[in-house]
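Asks: Build me a model:
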Amino acid sequence: MEAQVTFRGTVEEIIFHNAENGYTVFTLAEDKVEVVCVGTTADLQKGESLTVQGHWSVHPTYGRQLSVECYERTIPTSIDGMKKYLASGFLKGIGKKTAEKMVERFGEATFYVIEEKPDRLVEIRGITYEKAMRTSEEFRQQHQMRRAMVFLQQFGISPVYALRIYKKYQSKTFDILQTNPYRLADDIFGIGFQMADKIAASAGIDATSPFRAEAGVKYVLSHAAMDGHTYLPQPVLVEEACKLLSVEAVLVENAITQLQLEHQIWREKIEEETAVYLNLYYYAELASAKKVLELLQDQEDQAGVDWDGIIEQTEQREGIHLAEKQKEAVKAAMEQGVLVITGGPGTGKTTTIKTIIDIFQDQELEVVLAAPTGRAAKRMTEATGIAAQTIHRLLGTSFLSEDSRSQRFEKDEDDPIDADVIILDETSMIDILLWNSFLKAVSPGTRLILVGDVDQLPSVGPGNVLKDLIASGVVAVVRLTEIFRQAEESAIITNAHRINQGLLPVLNEKHKDFFFVRRGKAEEVASTIISLIQTRLPAFCGCDKEEMQVLSPMRKGPLGVNELNRRLQRALNPPAASKKEKEFRTTLFRQGDKVMQVKNNYNLAWKMRNALGKVEEEGLGIFNGDCGVITDIHGGNEELTVLFDDGREVVYDFTQLDELELSYAVTIHKSQGSEYPVVIIPIHSGPPMLLTRNLLYTAVTRAKSLVVLVGLERTMEQMVDNNRQVRRYSSLARRLCSLYDFMHQGGLGT
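Replies: Next up, the predicted model:
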């Protein structure tokens with residue numbers, strides 16, 4: 001790696017400055033040597049003396065420039081530097097002439113006079129007493145911010161985060177960092193416990209500080225939520241926090257008590273254990289359970305309606321024949337306030353849903369369709385012929401501040417979704433927070449039909465919504481099990497069901513759509529995958545490279561998505577003079593690359609254009625799992641453009657590129673809700689917790705036309721045998737049961 005460069009000089013010109021994120025392009029000069037610098041700075045001014053550290057880079061348009069990673073600033077001391085600095089415009093009402101008069105009058109003491117003796121500024125013609133006081137105050141604020149930026153950088157805080165911290169705390173910055181820097185983990189987006197802990201150590205905060213213990217407890221609970229848990233049993237929480245902090249259990253237990261007293265966490269007894277929640281997840285479970293029970297109760301009596309006759313009429317009109325379980329699902333949809341329809345591939349979920357829609361529309365009811373992801377919504381639209389949208393777009397995303405960590409939607413109790421019936425597909429993907437936000441926007445009396453495959457992987461986010469709804473026994477559930485004749489002709493479907501039942505798939509039958517390519521070494525697996533995509537599969541089935549998706553069980557290792565993406569990028573989108581590039585941390589983004597959004601960003605603006613390029617629709621919000629292609633990289637504006645699969649165009653600032661990943665290969669978890677014409681799955685080696693039956697089942701069911709497994713048969717056999725399902729700590733099922741019992745024992749006035 002190129003050695004770090006240090007350069008000292010005076011700011012000659014501010015070429016570009018983004019006030020929102022602090023990104024600045026400026027020139028720094030010293031002894032007739034002028035350097036173009038780029039990086040995040042806070043309100044840089046001409047004439048300032050700066051020492052910068054960074055690395056050289058070559059911009060395709062602007063040439064050689066210094067990428068600034070940290071800097072130190074000093075107010076200029078030379079007469080000429082002071083004039084330039086004061087004339088730069090950062091003090092309102094002080095222009096070039098006034099700046100020259102001030103420096104000529106007070107010389108090297110000019111800055112001292114402005115800050116400490118502002119009443120003397122009235123000696124300058126044109127400066128009133130009020131203007132002198134205002135100028136002094138502005139100068140002090142600027143000086144305070146500079147001191148704070150220097151102060152923050154000594155703790156290893158990058159300029160980007162230093163600017164965010166100062167904007168948040170202003171004059172309190174010094175006090176907070178010296179007393180309780182753990183506040184940063186709560187208040188500053190992008191700063192977690194680990195960064196705050198490093199800052200605290202640099203600031204001399206004791207390792208046994210109660211502030212540290214409280215922050216550590218919240219970090220463990222937040223990290224558990226990333227693993228799908230809405231709570232942790234207190235003994236588990238204490239053990240994990242003690243490991244993290246290297247402290248005694250009593251300190252952690254005291255921190256839990258204090259956090260409860262401060263209403264930052266919730267504790268309650270679940271059977272024989274004490275569950276500890278972050279408030280966010282506790283209230284999401286509680287509120288969503290209450291709403292589900294309200295929807296179950298708030299329905300008209302349908303007794304006496306001849307549903308069999310109505311179903312028969314619909315069958316004749318549409319030229320279909322429903323199996324008994326499908327008819328049961330249709331009847332339940334008409335009679336129940338909330339219904340779950342679950343089943344594997346080929347069991348007739350789509351036909352059932354289309355029949356339900358037809359009957360409701362015959363009754364002139366408003367039916368709304370939605371799914372968790374753009375791909376799932378698109379599939380739903382194609383299958384039913386009715387426009388479906390993502391849950392996020394259905395709810396409408398409100399603008400959030402940069403530091404906001406929670407989602408906020410336009411649709412809620414006060415402005416609910418306009419629908420008589422709402423049908424949600426791929427419900428297994430919905431986490432507890434999205435579920436709660438969605439339910440808030442469902443009007444009393446609205447029928448809710450939830451469709452999903454309960455045997456697939458649970459949501460990436462916290463909670464176990466679909467499984468908990470089914471396990472509660474409170475919500476009506478119809479499980480479709482019959483595989484229909486047309487589906488039986490697909491080896492993808494029959495093998496998916498075999499895998500789900502713990503049976504080995506049937507491999508390499510002639511004229512089928514499910515193949516196993518045996519390869520012994522990881523390197524051979526990777527090179528075979530590339531060969532399949534580049535030549536073999538296009539020749540075999542006529543599919544395009546864009547129709548093929550590699551799904552890996554893991555992220556790391558020679559067959560993890562990180563390494564596979566690097567190799568696939570080189571093979572499928574090699575560098576060319578016509579393709580622009582941007583290197584960000586360990587990833588090289590190239591024009592034409594397949595990419596995926598890897599976290600929810602409710603503030604990202606998008607546009608949809610028609611065939612002529614005219615903008616027809618605009619909105620906010622790009623979400624975890626959304627996929628697209630890089631169409632442009634504009635180095636001058638520090639921007640990268642992605643066209644997503646559903647037609648939304650998004651422009652990313654270079655500082656936002658940590659939200660994107662290459663997606664030639666994606667993890668099986670990330671593929672949920674998507675369907676691809678061709679799926680290629682490396683099956684080689686890895687930890688047992690990743691090589692499981694439902695992971696393989698989920699991967700296989702993502703394919704529409706062809707599945708190719710590449711690797712070791714014994715590993716595939718191990719996955720089929722490994723029915724291990726890691727427990728998720730969630731209490732929605734128990735909460736539904738207890739509330740239901742309470743309501744039906746007269747607890748709510750019944």
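Asks: What strand or helix carries the residue positioned nearest the centre of the chain?
Replies: The centre of the chain sits closest to K599, judged by Cα atoms, centre = their mean, with a distance of 1.4 Å. Following DSSP states H and E, there is no helix or strand that holds K599.
Asks: Which phi and psi values does it adopt?
Replies: Main-chain dihedrals, K599, degrees, to the nearest 10: phi -150, psi 160.
Asks: quick one: contacts for it?
Replies: Going by Cβ atoms under 8 Å, 6 or more residues apart in numbering, K599 touches N624, E659. No exception for glycine: its C-beta is placed from N, CA and C like everyone else's.
Asks: cool, E214 as well?
Replies: Y182, A255, Q258, L259, Q264.
Asks: so what's Q4 closest to, chain neighbours aside?
Replies: Closest residue to Q4 apart from its sequence neighbours, by Cβ to Cβ, 6 or more residues apart in numbering: Q53 at 5.7 Å.
Asks: To clarify, my last question referred to L163.
Replies: Closest residue to L163 apart from its sequence neighbours, by Cβ to Cβ, 6+ apart: G22 at 4.4 Å.
Asks: That neighbour - how many residues pack around it?
Replies: 21 (other Cβ atoms under 10 Å).
Asks: where does G636 land in three-state SS?
Replies: coil (DSSP: H, G, I helix; E, B strand; the rest coil).
Asks: go on, L690?
Replies: Per three-state DSSP, L690 ends up coil.
Asks: Next one: it from I353, what distance?
Replies: In this view, L690 and I353 are 33 Å apart by Cβ to Cβ, to the nearest Å.
Asks: rewinding a little: pLDDT value on the residue nearest to Q4, please?
Replies: Here, the pLDDT recorded for Q53 equals 87.
Asks: isn't it right next to C37, touching?
Replies: No: when contacts are counted by Cβ atoms under 8 Å, Q53 is not listed as touching C37 (10.6 Å).
Asks: Show me the common contact partners of these two, please.
Replies: Common neighbours of Q53 and C37 (Cβ under 8 Å, 6+ apart) are V68.
Asks: More neighbours: which of L690 and I353?
Replies: Using other Cβ under 10 Å, the more surrounded residue of L690 and I353 is I353, with 24 against 18.
Asks: Enumerate every residue touching the most far-flung residue of the chain relative to its centre.
Replies: Going by Cα atoms, centre = their mean, the residue of the chain most distant from its centre is E123, 57.6 Å out. Each residue near E123 by Cβ under 8 Å, 6+ apart is listed here: R105.
Asks: Same check on Q725?
Replies: Here Q725 is in contact with T692, N694 (Cβ under 8 Å, 6+ apart).
Asks: again, but for I188
Replies: So I188 contacts Y161, R164, I165, K168, D403 (Cβ under 8 Å, 6+ apart).
Asks: my read: the fourth one touches D187, true?
Replies: Yes: using Cβ under 8 Å as the test, K168 is close enough to D187 to be in contact (5.8 Å).
Asks: Flag the helix or strand of this structure with the lowest per-element mean pLDDT.
Replies: When the helices and strands of the chain are scored by mean pLDDT, DSSP states H and E, helix 485-488 comes last with a mean of 70.
Asks: CA atoms only: put the very next helix or strand once past that one into CSV for me.
Replies: Proceeding N to C from helix 485-488, the next assigned helix or strand is helix 491-500, under DSSP H and E. What follows is helix 491-500, C-alpha atoms only, in CSV (Å, rounded to 0.1, in the frame of the first residue of the first chain):
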residue,chain,number,x,y,z
ALA,A,491,-37.5,-31.4,-10.6
ILE,A,492,-36.9,-28.1,-8.8
ILE,A,493,-40.3,-28.4,-7.0
THR,A,494,-40.2,-32.2,-6.4
ASN,A,495,-36.6,-32.0,-5.1
ALA,A,496,-37.4,-29.0,-2.9
HIS,A,497,-40.1,-31.0,-1.2
ARG,A,498,-37.8,-34.0,-0.9
ILE,A,499,-35.2,-31.8,0.8
ASN,A,500,-37.8,-30.3,3.1
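Asks: Contacts for stretch 329-343, please.
Replies: 292, 295-299, 302, 305, 307, 311, 322, 349, 352-353, 355-356, 359-360, 427, 447-454, 466, 469-470, 475-481.
Asks: So among these, which ones count as buried?
Replies: 292, 295-296, 299, 307, 311, 322, 349, 352-353, 355-356, 359-360, 427, 447-454, 466, 469-470, 475-478, 480 (16 or more other Cβ atoms under 10 Å).
Asks: Just the ones of these in strands?
Replies: Judged by DSSP state E, the buried ones among the contacts of stretch 329-343 include R447, L448, I449, L450, V451, G452, A476, V477, V478, L480 as members of strands.
Asks: quick check, distance from the host helix or strand of I423 to the centre of its chain.
Replies: I423 belongs to strand 421-424 when assigned by DSSP H and E. Averaging C-alpha positions (Cα atoms, centre = their mean, to the nearest Å) puts strand 421-424 25 Å from its chain's average.
Asks: quick one: contacts of that strand?
Replies: Contacts for strand 421-424 (Cβ under 8 Å, 6+ apart): 353, 356-357, 360, 365-371, 391, 430, 438, 442, 446-451.
Asks: For the spatially closest residue to V368 that is not a sequence neighbour, list the residues it contacts.
Replies: In space, V368 comes closest to A419 once its chain neighbours are excluded; the distance is 4.0 Å by Cβ to Cβ, 6+ apart. By Cβ under 8 Å, 6+ apart, A419 lies in contact with E366, V367, V368, S443, T446.
Asks: so A419, which of the three states?
Replies: Strictly by three-state DSSP, A419 counts as coil.
Asks: again with S674
Replies: coil.
Asks: where's it relative to T667, distance?
Replies: Applying Cβ to Cβ to S674 and T667 gives a distance of 12 Å.
Asks: any idea whether V25 is helix, strand or coil?
Replies: strand.
Asks: swap in the one 3 residues further on?
Replies: Reducing the assignment to helix, strand or coil with three-state DSSP, the entry for L28 is strand.
Asks: The closest residue to F514 other than its chain neighbours: neighbour count?
Replies: Leaving out its chain neighbours, the residue that sits closest to F514 by Cβ to Cβ, 6+ apart is A491, at 3.7 Å. Neighbour count for A491, taken as other Cβ under 10 Å: 22.
Asks: State the pLDDT value of T373.
Replies: pLDDT, read off for T373, is 85.
Asks: so how far is D414 from it?
Replies: 27 Å.
Asks: So for these two, which sits in the more crowded spot?
Replies: Using other Cβ under 10 Å, the more surrounded residue of T373 and D414 is T373, with 26 against 8.
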